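K.L.:
When you get a sec, could you give me coordinates for this:
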Amino acid sequence: MEFKLPPSLLNESVLLDVIEHLPAGVFAKDQGNEFQFVIWNREMERIFATPRELMLGKNDYDFFAPAEADYYRQTDIDVMNGGVVIDIAEERVTTKRGQIIAHTIKVPVTLNDGRQILLGILEDITETLENRRKIAEYQAHLEQLVEARTHALRELACRDPLTGLSNRAHFFEVLDARIAGPDGERFSLIYLDLDRFKLVNDTYGHDFGDQILKVIGVRLQEKSDLTINVARIGGDEFAILLDAPIDSSAVDAFCSELLASLRSRIELEGRSFQIDASLGVCGFPDDAKASRQMLQQADMAMYCAKQQRQSQRWCRFTTTLQLQTSHDLSIEQGILQAIANDELFIEYQPQFLAAESLTMTGLEALARWRSPMLGLVPPATFIPVAERIGFVSQITDFVLDAVCKDLQRLDAQGICLPRVSINVSSTELDEGTAARIEACLRRHGVSPERITLEITENAPLTSSIRMFSAFDGLRRQGLRLSIDDFGTGYSSLAYIAELAINEIKIDRSFVRAFLENGKSESIIRAIVGIGEAFGYQIVAEGVESEAQLAELAKFDGLVVQGFLTARPAPIEALLHLVGEGEGSQGGLRATPGFQWAPAC
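P.N.:
Predicted coordinates:
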């Protein structure tokens with residue numbers, strides 16, 4: 001079949017212009033002149049990286065290898081002799097850039113002058129085919145991935161992928177099924193948490209920690225036939241469903257054996273570890289009748305075990321424990337609102353030189369909390385809670401602000417109080433606390449030399465020695481630092497000389513046993529000796545009897561503080577005492593010969 005172009009179109013230059021700008025490669029060969037190229041458009045130049053000037057008047061043998069040129073010549077002859085259109089879906093073609101895959105259409109054309117030419121249209125489909133191949137590969141990979149993920153999800157629906165234990169969801173399914181079982185059935189739930197496991201992860205990395213968890217998982221699965229289900233609830237927390245009543249000896253034996261098994265040393269990557277755990281136990285239906293409630297109460301008992309810090313690190317849930325936890329939560333929530341609700345207030349307890357007619361040398365400012373719900377809450381109760389929830393800094397700021405206001409107010413009345421001590425947790429020894437204290441003193445116009453900071457030893461001071469330097473600026477202005485409850489916390493004679501302190505307060509437990517225990521007397525003498533050696537002021541807390549005061553007065557320069565000399569009271573009560581010199585007011589003990597040693 002032959003195709004003839006209209007003469008009018010052939011005579012128009014628009015035909016060649018259209019061909020030139022087509023997005024597909026267009027070429028033409030003259031059959032009567034050995035199939036020389038007579039048309040080579042712009043797209044052919046791009047595809048073959050060969051300009052038309054090099055192609056026109058040449059044939060395939062001038063550019064292609066003989067075998068490839070033979071293939072093209074035979075195809076061209078078939079098209080022209082047969083008078084048919086040939087559509088080659090894919091063929092490899094050599095270009096200057098390398099081989100491509102082309103889609104080629106060859107059409108026989110007879111011109112008006114009778115010449116026979118072959119018109120070709122060529123499209124480079126290399127990238128298209130590559131994309132199709134990639135899509136096919138991606139699709140196959142995706143199908144494999146979906147299949148694998150589906151299988152993994154089926155596994156994850158029941159199993160923890162790290163330890164192979166049941167996961168949280170499956171554990172609740174088993175627990176709910178057990179609760180829904182025959183009436184009268186009794187069993188126990190054990191909640192387990194590894195102690196200080198975060199330290200392992202932080203020190204050796206989570207991959208190493210995961211290996212430890214795998215070992216723990218194996219040990220948990222090796223336990224008694226009483227085990228119904230063992231699950232990893234999350235992180236380093238596990239739960240065990242035990243086929244034994246909460247009050248049976250089997251639970252006691254199981255917990256003891258489990259803790260012993262967990263404490264067996266783990267040898268891993270050349271390191272040897274002993275892992276401790278805390279257990280909380282809750283019984284069904286004795287303690288709870290719903291799965292979430294059981295886990296919550298076992299968790300509550302577990303935290304009780306952690307706080308005991310005893311060798312038997314497991315605890316049963318009791319209603320007393322629940323009430324205590326509820327009380328602790330009330331304290332936690334209440335203290336967060338205490339300052340805003342104006343529930344905190346300050347009392348002062350005087351300090352006296354024991355050997356000089358009880359000359360008052362200072363005052364300790366003590367935070368008090370009167371809760372509308374809980375009543376008067378002791379500092380020993382709410383301060384540890386405030387430290388645990390990160391609220392102690394706000395209490396420190398409140399006390400300092402209140403003290404500065406009292407000093408400012410009394411200064412205006414011509415009454416100058418002696419130096420005031422304020423308690424600061426060792427966890428607050430940082431630049432931020434120093435900056436807040438300095439800003440508060442400057443705001444109220446109070447000199448740093450009128451303030452002593454009492455550092456409570458509720459954390460190792462060795463990690464805070466460098467933080468004392470944050471207070472250097474204030475110390476140069478007269479601020480004093482004191483170590484409170486010395487001898488009972490994290491005190492260490494190895495570093496006490498390195499601390500930039502001015503005062504040591506002997507803990508009340510030594511004072512209480514001073515007259516009854518020779519060891520306590522020796523300890524006090526030793527602490528006084530340290531004070532004399534390093535130039536520290538020594539304060540004895542908790543003086544409650546005349547006999548104690550008489551003995552302590554024998555130490556030169558010793559300062560005493562306690563209920564015997566003066567109970568904590570509002571500042572107004574102290575002013576009344578000072579004004580009268582003797583008598584009693586607000587719980588204060590007025591001592592004959594009482595004197596006032598102002599700080600300004």
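K.L.:
Only alpha carbons, please: show stretch 325-335 as PDB.
P.N.:
The C-alpha atoms that make up stretch 325-335 are tabulated as PDB, following Å, rounded to 0.1, in the frame of the first residue of the first chain:
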ATOM      1  CA  THR A 325      -0.800   6.600  97.500                       C
ATOM      2  CA  SER A 326      -4.000   8.600  97.300                       C
ATOM      3  CA  HIS A 327      -2.700  10.800 100.100                       C
ATOM      4  CA  ASP A 328       0.700  11.200  98.400                       C
ATOM      5  CA  LEU A 329      -1.200  12.200  95.200                       C
ATOM      6  CA  SER A 330      -3.200  14.800  97.200                       C
ATOM      7  CA  ILE A 331       0.000  16.300  98.500                       C
ATOM      8  CA  GLU A 332       1.500  16.300  95.100                       C
ATOM      9  CA  GLN A 333      -1.400  18.100  93.500                       C
ATOM     10  CA  GLY A 334      -1.900  20.400  96.500                       C
ATOM     11  CA  ILE A 335       1.600  21.600  96.700                       C
END
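K.L.:
how about it: buried residues?
P.N.:
For stretch 325-335, burial by neighbour count (16 or more other C-beta atoms under 10 Å) applies to Thr325, Ile331, Gly334, Ile335. Where you see a C-beta, it was placed from the backbone N, CA and C, and this is true even at glycine.
K.L.:
can you pull the pLDDT of Arg265?
P.N.:
We have a pLDDT of 88 for Arg265.
K.L.:
Check Ala590 too.
P.N.:
pLDDT, Ala590: 40.
K.L.:
can you check Phe48 too?
P.N.:
pLDDT at Phe48 comes out at 94.
K.L.:
quick one: the strands in the stretch 201-350 of the chain?
P.N.:
227-234, 237-242, 266-268, 271-273, 277-284, 314-316, 344-353 (DSSP state E, counting those that start in this stretch).
K.L.:
who does the fourth one pair up with?
P.N.:
Note on strand 271-273: by DSSP bridges, its sheet partners are strand 266-268 (antiparallel).
K.L.:
Name the residues of the strand it pairs with that are buried.
P.N.:
Applying a neighbour-count criterion of 16+ other C-beta under 10 Å, one finds Ile266 buried in strand 266-268.
K.L.:
ok, and what's touching it?
P.N.:
Phe208, Gln211, Ile212, Val215, Ser272, Phe273, Gln274, Ile275 (C-beta atoms under 8 Å, 6 or more residues apart in numbering).
K.L.:
Any chance of a markdown table for those residues, columns distance to Gln99?
P.N.:
Formatted as a markdown table, these follow (distance: C-beta to C-beta, whole Å):
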| residue | distance to Gln99 |
| --- | --- |
| Phe208 | 52 |
| Gln211 | 52 |
| Ile212 | 57 |
| Val215 | 58 |
| Ser272 | 63 |
| Phe273 | 61 |
| Gln274 | 67 |
| Ile275 | 63 |
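K.L.:
circling back: as a markdown table, the strands of the stretch 201-350 of the chain with distance to Leu410 would be great.
P.N.:
Shown next, in a markdown table, are those (distance: least, C-beta to C-beta, whole Å):
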| stretch | distance to Leu410 |
| --- | --- |
| strand 227-234 | 56 |
| strand 237-242 | 54 |
| strand 266-268 | 63 |
| strand 271-273 | 59 |
| strand 277-284 | 51 |
| strand 314-316 | 50 |
| strand 344-353 | 11 |
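K.L.:
Which residue would you name as the spatial centre of the protein?
P.N.:
Lys198 (9.9 Å; C-alpha atoms, centre = their mean).
K.L.:
sorry, back to before: let me know which of the strands of the stretch 201-350 of the chain is the nearest to Glu91.
P.N.:
strand 227-234 (60.5 Å; C-beta to C-beta).
K.L.:
Show me which positions of the closest one end up buried.
P.N.:
Thr227, Ile228, Asn229, Val230, Ala231, Arg232, Ile233.
K.L.:
That one: how far from the chain's middle?
P.N.:
Here strand 227-234 is found 25 Å from its chain centre; the criterion is C-alpha atoms, centre = their mean, to the nearest Å.
K.L.:
packing partners for that strand?
P.N.:
The helices and strands touching strand 227-234, judged by 3 or more C-beta pairs under 8 Å, 6 or more residues apart in numbering; DSSP states H and E, are helix 168-179, helix 206-221, strand 237-242.
K.L.:
now the last one against strand 227-234, angle please.
P.N.:
In this structure, strand 237-242 runs at an angle of 170 degrees to strand 227-234, with axes from the mean of the first three to the mean of the last three C-alpha atoms, to 10 degrees as the basis.
K.L.:
chain center to strand 237-242, what's the gap?
P.N.:
That offset, for strand 237-242, works out to 24 Å (C-alpha atoms, centre = their mean).
K.L.:
That one pairs with which strands?
P.N.:
Applying DSSP bridges, strand 237-242 is found paired with strand 187-194 (antiparallel), strand 227-234 (antiparallel).
K.L.:
Which one of these lies nearest to Leu122?
P.N.:
The nearest among the strands paired with strand 237-242, by C-beta to C-beta, is strand 227-234 at 63.0 Å.
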